[in-house]
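K.L.:
coordinates for the following, if possible.
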Amino acid sequence: MTSSVDEMAPVYARRLVATLKDAGYLTTPLLEEAFSSVPRHAFLDHFYIRDMAHSRLAWRLVQAPPVEEISTWLGAIYTSDSLITKLNGINIPISSSSEPGVMAIMLDALDVQRGMRVLEIGTGTGYNAALLAHMVGDPHLVFTVEIDPEMAQLAQQRLDQVVGTGTTVYAGNGLEGYPPGVPFDRIIATASHHTVPHAWLDQLRQEGVLVMPFTGNMGTGSLLQVKKEGMTRAVHGRFLRGLAFMHMRESIQESPPIIQRLLSQCLTHPVVATMPLVKTEFDLELLSNPDFTFVLQLEFPQVYFCSMQKPPSTSPTFCLVDAASQGMVAFCPTEQKDAWLVEVRGEPGMWEKIYHAYQRWLEFGRPHIGDYVIEIDEAGKQRVGLARPTASPLFTWELE
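P.N.:
The predicted structure follows:
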């Protein structure tokens, strides 16, 4: 069957490349050549799709099919979709083959050139590392770190088969980078983190570029590009656009979801304040607006967003829970349309602080994610703020 798949795949690969090109994602000949030459199917022998007929946490395993179903299999692989490749013990996705369009955007921001030495954090299937190997022109120049030893071993085998031997796949904690391979001209992360790890800054060559997904605890992600001008950690960076990626894991050991644990803890505290709220004062849709939640997670780095069912209402109650104070703000539905009852538990002033942050966001003109920059000094302190020269210090945050 392998030969049949390999014979049929180029047709589907050309369709994917055409789709990416029409969308404006393949901005250089080198990038287009990489996506045209590296077969995505060679890095996937299975993936999972959501099985909504059972529950939102149910997944159906899709494996390489018999010969007569190859066209359907290739059609699913050569689309610009993210494909889940691994689940943990409670059916939460922990690894995927990223959406090709997003991969192209990140590789474009990375500005990879022939002969460059590149470090990738988060090997996954190995597909992105193969694209990098093709772009730099030599697998020996690509180093990639994967937290899961089994996935690292499988990715190494696939890379050796597809792009030739030479790529270094290291099983370890990506937050530590890969010291044996320094210095790197480019560093790219395919899993998100809430700060720029110091190890990556230290391992980046002068005038090097780092591209990574930046995501806070509210779950709002953005694509961050930083450039290193000197020999120290000092860099200047900018947030390019909203982007969703899985969080980086520091261990393969599974831990219970923090949000459910926090919610249970917060619900043990008594209600300390209640107040009515209408849509004209604060629209709950803002909690799914990435431009606002980006600011909210900077202002309150330990606050998480979740929902729960609160009888007798059949509508969900949306909540903000704070890991630092174990405070909680719950937006309880009422019989009146576009009106809620705000319940505050634990920290009495939590809602006032959140509402104040909202008002400041409005005063600054509802800035978009792309309006922010990051500054990292020689000591590694990281500050995010608006790019505008007249921006107030009140709209600047130091990352923990």
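K.L.:
neighbours of Leu16, how many?
P.N.:
Residues contacting Leu16 under the criterion other CB atoms under 10 Å number 18. (C-beta placed from N, C-alpha, C; glycine too.)
K.L.:
am I right that it is in a helix?
P.N.:
Yes. Assigned with DSSP: H, G, I helix; E, B strand; the rest coil, Leu16 falls within a helix.
K.L.:
so what's Tyr305 up against?
P.N.:
For residue 305 the amino acid is Phe, not Tyr. Phe305 is in contact with 218-219, 287, 293, 318-320, counting by CB atoms under 8 Å, 6 or more residues apart in numbering.
K.L.:
that one pairs with what?
P.N.:
Here Phe305 sits in beta bridges with Leu320, going by DSSP bridges.
K.L.:
pLDDT weak spots in the stretch 201-350 of the chain?
P.N.:
251-256 (pLDDT under 70).
K.L.:
show me where it has strands.
P.N.:
In the stretch 201-350 of the chain, the segments counted as strands under DSSP state E, counting those that start in this stretch are 204-215, 221-228, 235-242, 271-278, 303-309, 316-322, 328-333, 339-345.
K.L.:
and the fifth one, which residues are buried?
P.N.:
In other words, strand 303-309. 303-306 (16 or more other CB atoms under 10 Å).
K.L.:
so for Thr390, which of the strands of the stretch 201-350 of the chain sits nearest?
P.N.:
strand 235-242 (17.6 Å; CB to CB).
K.L.:
so what's Leu284 up against?
P.N.:
Going by CB under 8 Å, 6+ apart, Leu284 touches 318, 331, 340.
K.L.:
on that earlier part again, using TSV, please lay out the contacts of Phe305 together with neighbour count and distance to Thr232.
P.N.:
Output for those, formatted as TSV (neighbours: other CB atoms under 10 Å; distance: CB to CB, whole Å):
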residue	neighbour count	distance to Thr232
Met218	22	31
Gly219	16	32
Leu287	17	39
Thr293	19	32
Phe318	18	43
Cys319	24	42
Leu320	22	38
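K.L.:
which one of these is nearest Pro180?
P.N.:
Nearest to Pro180 among the contacts of Phe305 is Gly219, at 34.0 Å by CB to CB.
K.L.:
quick one: end-to-end length of stretch 135-145, please.
P.N.:
18 Å (CA to CA, to the nearest Å).
K.L.:
may I see the buried residues of that stretch?
P.N.:
135-136, 138-139, 141-145.
K.L.:
any idea how far Thr168 is from the nearest residue in space to Lys86 that is not next to it in sequence?
P.N.:
Excluding its sequence neighbours, the residue lying closest to Lys86 (CB to CB, 6 or more residues apart in numbering) is Ser95, at 3.9 Å. Per CB to CB, to the nearest Å, Ser95 is found 19 Å from Thr168.
K.L.:
the more surrounded of these two?
P.N.:
More neighbours surround Ser95 than the other of Ser95 and Thr168, with 21 against 18 (other CB under 10 Å).
K.L.:
how about the more buried one, secondary structure?
P.N.:
Classified using three-state DSSP, Ser95 is strand.
K.L.:
these two touch, right, it and Ile147?
P.N.:
No. Using CB atoms under 8 Å, Ser95 is not in contact with Ile147; the gap is 9.3 Å.
K.L.:
contacts only, for Val118.
P.N.:
Going by CB under 8 Å, 6+ apart, the list of residues near Val118 reads 110, 112, 132, 136, 141-143, 184-188.
K.L.:
swap in 6 Å and give it another go.
P.N.:
132, 136, 142, 186 (CB atoms under 6 Å, 6 or more residues apart in numbering).
K.L.:
now the helices for the stretch 151-300 of the chain?
P.N.:
Along the stretch 151-300 of the chain, the stretches classed as helices by DSSP state H, counting those that start in this stretch are 198-203, 258-266, 290-299.
K.L.:
centre of the chain to the shortest one, how far?
P.N.:
Here helix 198-203 is found 19 Å from its chain centre; the criterion is CA atoms, centre = their mean, to the nearest Å.
K.L.:
in strands, which of the contacts of Val118 appear?
P.N.:
142, 186 (DSSP state E).
K.L.:
could I get the contacts of Val118 as JSON lines with distance to Met231 and pLDDT?
P.N.:
Shown next, in JSON lines, are the contacts of Val118 (distance: CB to CB, whole Å; pLDDT from 0 to 100):
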{"residue": "Leu132", "distance to Met231": "25", "pLDDT": "98"}
{"residue": "Val136", "distance to Met231": "23", "pLDDT": "98"}
{"residue": "Val142", "distance to Met231": "24", "pLDDT": "98"}
{"residue": "Arg186", "distance to Met231": "17", "pLDDT": "98"}
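K.L.:
nearest to Thr195 among the contacts of Val118?
P.N.:
For Thr195, the closest of the contacts of Val118 turns out to be Arg186, at 19.5 Å, with distances computed as CB to CB.
K.L.:
tally of neighbours for the residue lying closest to Ser97 once chain neighbours are set aside?
P.N.:
Of all residues beyond its chain neighbours, the one nearest Ser97 is Leu83 (4.5 Å), with distances taken as CB to CB, 6+ apart. Counted with other CB under 10 Å, residues neighbouring Leu83 total 22.
K.L.:
mind checking how far Leu83 is from Met103?
P.N.:
The gap separating Leu83 from Met103 is 12 Å, by CB to CB.
K.L.:
can you check Leu204 too?
P.N.:
On the measure of CB to CB, Leu204 and Met103 end up 21 Å apart.
K.L.:
quick check, nearest of the buried residues of stretch 135-145 to Gly164?
P.N.:
Nearest to Gly164, judged by CB to CB, of the buried residues of stretch 135-145 is Pro139 at 5.5 Å.
K.L.:
tell me who's in contact with that closest one.
P.N.:
With CB under 6 Å, 6+ apart, Pro139 has these contacts: 133, 163-164, 166-167.
K.L.:
out of these, which end up buried?
P.N.:
133, 163, 167.
K.L.:
hang on, isn't the last one packed against Leu159?
P.N.:
Going back to what we said before, that points to Thr167. Yes. Between Thr167 and Leu159 there is a contact at 4.6 Å, judged by CB atoms under 6 Å.
K.L.:
if we can go back for a sec, need the max-distance pair from the contacts of Val118.
P.N.:
That would be Val142 and Arg186, which, of the contacts of Val118, are the farthest apart (CB to CB) at 10.0 Å.
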